[in-house]
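Asks: Got a sequence here, can you model it:
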Amino acid sequence: MRNKKEDNTRKTIPAICDIYHDKESVIMTLEMPGVTKDSLEIRVDKNQLIIHGKRQSFPSNGEYLVREIQDYDYHQEYTIDDTIDRDSIDAKIQNGIVTLTLGIKESAKPRTIEITTM
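Replies: Sure, this is the predicted structure:
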């Protein structure tokens with residue numbers, strides 16, 4: 001086997017994401033394999049939702065003969081509008097799957113108008 005030179009530079013890639021909504025919230029599911037709770041940062045800055053995760057390295061006690069598993073970061077930014085309640089954002093991570101639930105403001109939710117007779 002040929003020994004490849006190690007490249008220690010970290011790359012940044014976007015996470016694969018699905019976004020959908022219901023009447024109460026917007027739900028985002030992001031695939032971020034190798035990311036843990038401790039290596040994940042999610043924040044809101046004005047109208048930007050910023051998601052950053054570091055994929056953890058697999059430790060080695062020896063010298064690599066072949067190293068194809070890369071170290072990289074995930075970074076994704078989304079613009080959120082005024083219908084999102086910034087105080088009602090919930091995040092969970094399990095097995096590298098991040099689920100964000102962004103609450104919709106009451107004033108932005110659809111509602112039925114009651115009709116009365118005159």
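Asks: tell me which residues of the host helix or strand of Val98 are tucked away?
Replies: Taking DSSP states H and E as the criterion, Val98 maps to strand 97-104. Neighbour-count burial for strand 97-104 flags 98, 100, 102-104 (criterion: 16 or more other Cβ atoms under 10 Å). The C-beta positions use only the backbone N, C-alpha and C, and glycine is treated the same way.
Asks: which other helices and strands contact that strand?
Replies: strand 25-31, strand 40-45, strand 48-54, strand 84-94 (3 or more Cβ pairs under 8 Å, 6 or more residues apart in numbering; DSSP states H and E).
Asks: Tell me which of those strands lies nearest to His75.
Replies: Among the helices and strands packed on strand 97-104, strand 48-54 comes nearest to His75, with 5.1 Å by Cβ to Cβ.
Asks: Report the distance from the helix or strand following the closest one to the chain centre.
Replies: Of the helices and strands lying after strand 48-54 in sequence (DSSP H and E), the nearest is strand 72-79. Strand 72-79 sits 7 Å away from the centroid of its parent chain (Cα atoms, centre = their mean, to the nearest Å).
Asks: Strand 72-79: which residues count as buried?
Replies: In strand 72-79, counting by 16+ other Cβ under 10 Å, buried: 74, 76, 78.
Asks: contact partners of it?
Replies: By Cβ atoms under 8 Å, 6 or more residues apart in numbering, the residues outside strand 72-79 that reach it are 10-15, 17, 28, 30, 32, 35, 47-55.
Asks: what would the helices and strands packed on strand 97-104 look like in JSON lines with distance to Tyr64, mean pLDDT and mean neighbour count?
Replies: As requested, these are arranged in JSON lines below (distance: least, Cβ to Cβ, whole Å; pLDDT from 0 to 100; neighbours: other Cβ atoms under 10 Å):
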{"stretch": "strand 25-31", "distance to Tyr64": "26", "mean pLDDT": "97", "mean neighbour count": "18"}
{"stretch": "strand 40-45", "distance to Tyr64": "27", "mean pLDDT": "96", "mean neighbour count": "13"}
{"stretch": "strand 48-54", "distance to Tyr64": "20", "mean pLDDT": "96", "mean neighbour count": "19"}
{"stretch": "strand 84-94", "distance to Tyr64": "28", "mean pLDDT": "96", "mean neighbour count": "14"}
